[in-house]
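Q: A predicted structure for the sequence below; I have some questions about it.
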Amino acid sequence: MRGWGRTGIGALVAAVVALPLGAPSATAGPAPPAPPSATARTQPSAGPPAVDPTAPAGVCAGHEAPPGPPAREETVAVAPLPVPQRPVGGPRLGACGDVLPDGAGPPPAVGAAGWVVADLDSGAVLAAHDPHGRHRPASTLKILTTLVVRDRLDPDTEVVATQEDVQVDGSRAGIGPGGHYSVRQLLAGLLLNSGNDAAMALARTMGGVPTTLRAMQAQAEQLGALDTRPATPSGLDGPGMSSSAYDLALLFRVALRDPLVRETLATPTVPFPGFADHPGFALSNDDPLLHTYPGAFAGKTGFTDAARHTFLGAAERDGRRLVVALVRAEQHPTRTVAQAGALLDYGFALPASASVGGLVESRPVDPTPLPGPVPSPAAATPPPAARPDRPWAVAATAALVLIGGAGTVLLMRRRR
């Protein structure tokens, strides 16, 4: 230690003090890439993506909330539902445009903003266009209302209609105040005539509109329909209302497993009770697919000024059953039912093995990656100077130890 004099120790101290204590080591690797956005979406493989410039990066237009100004009934602003990190049903179903199986020809010209064609039995999505784009569902939402009714009410339960039930806006089945109806009959009015009055009577029987909406929301989330938020039991526009072609196809597939629902939707007419001095009459099925498309056995229409035309349909051909869902469609250049029929034809022409995703059976597990392992309380966190990811701190500590040792030796020599 003879070479360690005051000058050498001073120089070493100066060098240690000059270390950039707040900077990372020059030998550290590059910073890890930022995690993907929680709202990232797969973009279409061809054509300019319809990306919403006001939404988080990668989100297609309409993937957060329905497009256009709020409907007349939407007087309260409601934040949109969160967009899942990964598209429900498979990564390809997050595309903004057409989603087609490999080798498939172009789909028919359809003016709907979103559509899905899927196998009713396997749940395989055969083809789609902007399947998770969020739109107002109109009366196709009554399929979700039906699922809640079937879970909560006995079909033979008697319901007495009220004036409040009758005064609802929009289409009605024709119930009257004081009239006596079974839940089964009200379901027929709900599904065949798209009766908003029947929806209100059923919601009241289940505990009221707020209770019914909570049950509908819970049912949608449980089934994996994460684009869906009900605002009314009937599908009339309301604050925050949304769904998607994917969700509606999913809900319709579940509903068609119920024999009562399936039989009701396939029935051309059913007798319906009268009330007071009004005689009974026949309810007619307003599903145009049932009367025009060979093999059709179920359908549900919807329309509001804000939602435009929505449609659900199901048909069978050669033992194969398909479901089709359209949102925000128009009746030109061809009627919505003709567009649905063309999509069903396209789906039946695809191989049975074709698939671009699937209709899920339940809510997917949250795909968001968890943070790194949390240390147990017994495992103490090492001090900053001893962490291996801070080599500059290790060097500083070693230098200080060396300075202390040199100073001790020098002091001992002087004492001698």
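A: Received, thanks.

Q: can you give me the strands in the stretch 1-150 of the chain?
A: Using DSSP state E, counting those that start in this stretch, the strands of the stretch 1-150 of the chain run over residues 98-99, 114-119, 124-129.

Q: quick one: closest of these to residue 145.
A: strand 114-119 (20.4 Å; CB to CB). Placement of C-beta: from N, CA and C, glycine included.

Q: so the chain: which segments form each domain?
A: For the chain, the domain assignment from automatic domain parsing gives the residue ranges 1-20+387-416, 91-358.

Q: okay if I get the ones you listed as JSON lines plus distance to residue 79?
A: Below are those laid out as JSON lines (distance: least, CB to CB, whole Å):
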{"stretch": "domain 1-20+387-416", "distance to residue 79": "39"}
{"stretch": "domain 91-358", "distance to residue 79": "8"}
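
Q: mean pLDDT lowest where, among those domains?
A: Among the domains of the chain, domain 1-20+387-416 has the lowest mean pLDDT, at a mean of 43.

Q: for residue 260, which of the strands of the stretch 1-150 of the chain is the nearest?
A: That would be strand 114-119 among those, by CB to CB, at 22.4 Å.

Q: ok and that closest one relative to strand 124-129, angle-wise?
A: 160 degrees (axes from the mean of the first three to the mean of the last three CA atoms, to 10 degrees).

Q: now strand 114-119: buried residues?
A: For strand 114-119, the neighbour count (16 or more other CB atoms under 10 Å) marks 114-119 as buried.

Q: just the helices in the chain please.
A: In the chain, the segments counted as helices under DSSP state H are 6-17, 142-152, 163-166, 183-191, 196-205, 209-223, 245-255, 259-265, 288-292, 336-349, 391-415.

Q: how far out from the middle of the chain is the fourth one?
A: So that's helix 183-191. Relative to the mean C-alpha coordinate of its chain, helix 183-191 is positioned 28 Å out (CA atoms, centre = their mean, to the nearest Å).

Q: and it, what's buried?
A: 183, 185-191.

Q: what is the nearest of those to residue 95?
A: Once CB to CB is applied, the member of these that ends up nearest residue 95 is residue 191, at 31.9 Å.

Q: what's the burial count for the nearest residue to that closest one once chain neighbours are set aside?
A: Setting aside the residues directly before and after it, residue 191 is nearest to residue 264 in space (CB to CB, 6 or more residues apart in numbering), at 5.3 Å. Residue 264 has 20 neighbours, counted by other CB atoms under 10 Å.

Q: isn't residue 264 right next to residue 188, touching?
A: Yes - using CB atoms under 8 Å, residue 264 is in contact with residue 188, at 5.5 Å.

Q: between the two, which contacts overlap?
A: Here residue 264 and residue 188 have residue 270 as joint contacts, going by CB atoms under 8 Å, 6 or more residues apart in numbering.

Q: thinking again about what came up before, need the strands of the stretch 1-150 of the chain in JSON lines (columns: distance to residue 239).
A: Putting the strands of the stretch 1-150 of the chain into JSON lines (distance: least, CB to CB, whole Å) gives the following:
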{"stretch": "strand 98-99", "distance to residue 239": "30"}
{"stretch": "strand 114-119", "distance to residue 239": "21"}
{"stretch": "strand 124-129", "distance to residue 239": "27"}
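
Q: closest to residue 60 out of these?
A: It is, among the strands of the stretch 1-150 of the chain and with distance given as CB to CB, strand 114-119, at 10.0 Å.

Q: contact partners of the closest one?
A: With CB under 8 Å, 6+ apart, strand 114-119 has contacts from 62, 124-133, 135, 244-246, 248-249, 253, 320-328, 339, 343-344, 346-347, 352, 358-359.

Q: out of those residues, which end up buried?
A: Buried among those (16+ other CB under 10 Å): 62, 124-133, 135, 244-246, 248-249, 253, 321-328, 339, 343-344, 346-347, 358-359.

Q: one step back: residues touching the residue nearest to residue 191, list them.
A: Going by CB under 8 Å, 6+ apart, residue 264 touches 187-188, 191-192, 270.

Q: so residue 328 makes contact with residue 135?
A: Yes - between residue 328 and residue 135 there is a contact under CB under 8 Å: 4.6 Å.

Q: which neighbours do these two have in common?
A: Counting by CB under 8 Å, 6+ apart, the common neighbours of residue 328 and residue 135 are 67, 113-114, 307, 310.

Q: quick check, nearest of the residues you listed to residue 139?
A: residue 310 (7.4 Å).

Q: find the nearest non-adjacent residue to that closest one, please.
A: Nearest non-adjacent residue to residue 310, counting by CB to CB, 6+ apart: residue 302, 3.8 Å away.

Q: so who does that neighbour touch?
A: Contact analysis of residue 302 by CB under 8 Å, 6+ apart lists 137-142, 194, 235, 309-311.

Q: ok, it to residue 286 distance?
A: 11 Å (CB to CB, to the nearest Å).

Q: okay, and the common contacts of these two?
A: With CB under 8 Å, 6+ apart as the test, residue 302 and residue 286 both reach residue 194.

Q: quick one, what contacts residue 215?
A: 148, 151-152, 206.

Q: one more time with 10 Å
A: By CB atoms under 10 Å, 6 or more residues apart in numbering, the residues touching residue 215 are 144-145, 147-149, 151-152, 203, 206-207, 230, 233.

Q: one more: residue 273?
A: Residues in contact with residue 273 (CB under 10 Å, 6+ apart) are 161, 174-176, 179-182, 185, 279-281.

Q: gap between the two ends of stretch 102-110?
A: End-to-end distance for stretch 102-110: 20 Å, by CA to CA, to the nearest Å.

Q: correction: stretch 270-286
A: 12 Å.

Q: how far does it sit from its chain's centre?
A: 38 Å.

Q: now it: buried residues?
A: So for stretch 270-286, counting by 16+ other CB under 10 Å, buried means 270, 272-273, 275, 283, 285-286.

Q: name the nearest of those residues relative to residue 83.
A: Using CB to CB, the buried residues of stretch 270-286 come closest to residue 83 at residue 286, 33.7 Å.

Q: from residue 173, how far out is the closest one?
A: 11 Å.

Q: who touches both of those two?
A: Common contacts of residue 286 and residue 173 (CB under 10 Å, 6+ apart): 191-194.

Q: which of the residues you listed count as buried?
A: 191-194.

Q: nearest to residue 219, of those residues?
A: Taking CB to CB as the measure, residue 191 is the one of these closest to residue 219, at 16.7 Å.
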